[in-house]
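[1] sequence first, then the predicted structure, then my questions.
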Amino acid sequence: MARSRAIKRDDRTRGQHGAETSPGREGKAPATPLSLDRLIHERTRLGIVSALAASGPLTFLELKRQLALTDGNLSVHARRLEDAGYVDCTKSFAGRIPRTEYRLTELGRKALGGYLSHMEAVIKAARRAGS
């Protein structure tokens, strides 16, 4: 009898656009809803990249208000996007007040475009199957 094992975070690799994938899944074309870019597919991160794509650079406070997030939640998700190269973070001061600004990188813009194209294909396939 075959024994399955849980995939530990250390067993995962970075696939296209820095998204985490399970071993053995690299290089395969997205074909199912399960193969979506999971980094962007998460609701909060999708909100962040969508807001940045629509508005251009936004400050931490602007993103926090637009998406109704806590400081910690926004910080963690923005860091994941930054680590993947989808978002750039610039820290500065306005007088003595710290200012953190985020902008979508070209890689992030391409990843969002690919994600949206994939979702459109999934929706079309689901509509065809339902007809």
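    Everything's here; your move.
[2] now do the contacts for the residue most central in space within the chain.
    The centroid of the chain falls nearest to Ile40 when counting by CA atoms, centre = their mean (2.3 Å). Counting by CB atoms under 8 Å, 6 or more residues apart in numbering, Ile40 touches 19, 46, 49, 86, 111-112, 115. The way it works is simple: take the backbone N, C-alpha and C, and place the C-beta from them, glycine included.
[3] swap the cut-off to 7 Å and go again
    46, 49, 111-112, 115 (CB atoms under 7 Å, 6 or more residues apart in numbering).
[4] wait, which of the residues you listed is closest to Glu82?
    For the contacts of Ile40, the residue nearest Glu82 by CB to CB is Val49; the value is 11.4 Å.
[5] quick one: neighbours of Tyr123, just the number.
    For the record, residue 123 is Ile, not Tyr. Neighbour count for Ile123, taken as other CB atoms under 10 Å: 11.
[6] same question but for Gly95, I mixed them up
    6.
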